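> pasting the sequence and the predicted model now:
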Amino acid sequence: MAKIETPRRIRGTQDIFGEEQRRFAHVLATFERVRALYCFQRVDIPVFESTAVFARSLGETTDVVSKEMYTFEDRGGDSLTLRPEFTAGIARAYLTEGWQQFAPLKLTTSGPVFRYERPQKGRFRQFHQIDAEVIGAAEPAADVELLVLADQLLRELGISDGVTLQLNTLGDAATRDAWREALVAHFEAHRDELSEDSLTRLEKNPMRILDSKDPRDRPIADSAPDIDAYLTPEARAFFEAVTAGLDAAGVAWERNARLVRGLDYYRHTAFEFVTDRLGSQGTVLAGGRYDGLIGSLGGPETAGVGWAAGVERLAMLLEEPAIERPLVAVIPKSADWNSRALEAVTLLRSAGFSCSMAFKGNLKRRGEIANKEAAVSKLFVGDPDGPGSALEMSFYNSSLSNAEQDELLNKVRDVLGDRFGWSMGSAGWNNP
């Protein structure tokens, strides 16, 4: 009989386990805790949407839509796409589910997203993002709150050192139109010197030439006119309000006049938190204001601003989180006491104790397993050696002080006393 070949993990995906999973979980737990401080609601949206949701929101000519989306036809003949980002799906839900009545909405979400890219350090074809959005608030204060939330998240993760907030304004629609016209004139004057990709961008999305990495384009992009000369008074006042808010909140930032977003629905604030600790892929969190997005999906003109961050990239910057250790390892002294040991471990878990109990093994083997788990304490369940309790706690190899040992012993006694008797032996190193 032919040997069955085990299917391989798909290129660009990952199996997250051990230290990597602890980092991953720490990012998500910290995000959930910090978003609650800012009173953002958690939402969850579908992993796949109608392809039109992303084609309209991201633009037919962008690399994401033209090269990177996972698009397929379902059995009903509908074109569906695995989400490459969150904002478009949230905007769609805002319109189709009647969320306008709750505006302004402060929302967060997280989960897997999908892009067919070349896998590299910190970049996968199925990866994970955390996302924060404010929809229905046209005020600069919404931009400030999102940026302060992002700054606090990075600080609470312990990775803010070496991370810089780069900030720019894209102005309002009038500003953008005037600047675009000036950019097209500048790039047309250097058409013969541009790369092939930038010649394509010149026809479809000239602002993207500003962040080209091609060495042929850099001198031309660097000499292009800045947006500041084209800002309307209203756009200038908006940007000044954002920067003043960041200053008041104590969030450090620096201006990057070449930071752009190519799609027409982006307005005003654009930003990235960048680091030099991840090589060329230095952006760890990015976003901006997208006041024209919901209108592009067929809804009324609605203000919006948001950001997203890759969980994998954030996790790469973390110190390794501490391994979770069982507070109590429950060990039956013999097979006759397995049922009572299971009763004890169930009662302790119900009372909020983290507990482990090996599935099999004699007394010695189960003790070795508890040591391998680095359990804080061991609770032996079985016949006492002499008169006394059927329970005995051991604190050998524990880092708990004498007072902490007594406190844990008393808490375990409070949970198990009615079933096992209130007398309980204990042993351990003297640790004042």
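Structure's in. What do you need?
> surely Glu234 is in a helix?
Yes. Counting by DSSP: H, G, I helix; E, B strand; the rest coil, Glu234 is found in a helix.
> count the neighbours of it for me.
Close neighbours of Glu234, defined as other C-beta atoms under 10 Å, add up to 12. (Each C-beta comes from the backbone N, C-alpha and C, glycine too.)
> tell me how far it lies from Arg267.
11 Å (C-beta to C-beta, to the nearest Å).
> how about the strands in the stretch 251-400 of the chain?
All strands of the stretch 251-400 of the chain, identified by DSSP state E, counting those that start in this stretch, fall at 254-255, 267-275, 283-289, 304-310, 328-332, 355-356, 377-381, 391-394.
> want to throw those strands into JSON lines with mean pLDDT and mean neighbour count?
Converted to JSON lines, the strands of the stretch 251-400 of the chain look like this (pLDDT from 0 to 100; neighbours: other C-beta atoms under 10 Å):
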{"stretch": "strand 254-255", "mean pLDDT": "96", "mean neighbour count": "11"}
{"stretch": "strand 267-275", "mean pLDDT": "95", "mean neighbour count": "23"}
{"stretch": "strand 283-289", "mean pLDDT": "95", "mean neighbour count": "22"}
{"stretch": "strand 304-310", "mean pLDDT": "97", "mean neighbour count": "24"}
{"stretch": "strand 328-332", "mean pLDDT": "96", "mean neighbour count": "26"}
{"stretch": "strand 355-356", "mean pLDDT": "97", "mean neighbour count": "19"}
{"stretch": "strand 377-381", "mean pLDDT": "94", "mean neighbour count": "25"}
{"stretch": "strand 391-394", "mean pLDDT": "91", "mean neighbour count": "22"}
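> quick one: closest of those strands to Glu203.
Among the strands of the stretch 251-400 of the chain, strand 267-275 comes nearest to Glu203, with 22.6 Å by C-beta to C-beta.
> one step back: mutual contacts of Glu234 and Arg267, please.
Counting by C-beta atoms under 8 Å, 6 or more residues apart in numbering, the residues touching both Glu234 and Arg267 are Asp172.
> re the thing from before, any chance of the strands of the stretch 251-400 of the chain in TSV, with distance to Gln14 too?
Shown next, in TSV, are the strands of the stretch 251-400 of the chain (distance: least, C-beta to C-beta, whole Å):
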stretch	distance to Gln14
strand 254-255	33
strand 267-275	21
strand 283-289	18
strand 304-310	12
strand 328-332	31
strand 355-356	27
strand 377-381	35
strand 391-394	40
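> of those, which approaches Gly76 most closely?
strand 304-310 (30.4 Å).
> which helices and strands does the closest one pack with?
Here strand 304-310 touches helix 87-96, strand 126-135, helix 140-157, strand 267-275, strand 283-289, going by 3 or more C-beta pairs under 8 Å, 6 or more residues apart in numbering; DSSP states H and E.
> among the ones you listed, which comes closest to Phe420?
Across the helices and strands packed on strand 304-310, Phe420 has its closest neighbour in helix 140-157 (41.5 Å, C-beta to C-beta).
> whichever helix or strand comes after that closest one pairs with which strands?
Downstream of helix 140-157, the first helix or strand assigned by DSSP states H and E is strand 163-169. Sheet pairing for strand 163-169, assigned by DSSP bridges, gives strand 254-255 (parallel), strand 267-275 (antiparallel).
> quick one: buried residues of strand 163-169?
Within strand 163-169, the residues that count as buried by 16 or more other C-beta atoms under 10 Å are Val163, Thr164, Leu165, Gln166, Leu167, Asn168, Thr169.
> nothing else from me, thank you.
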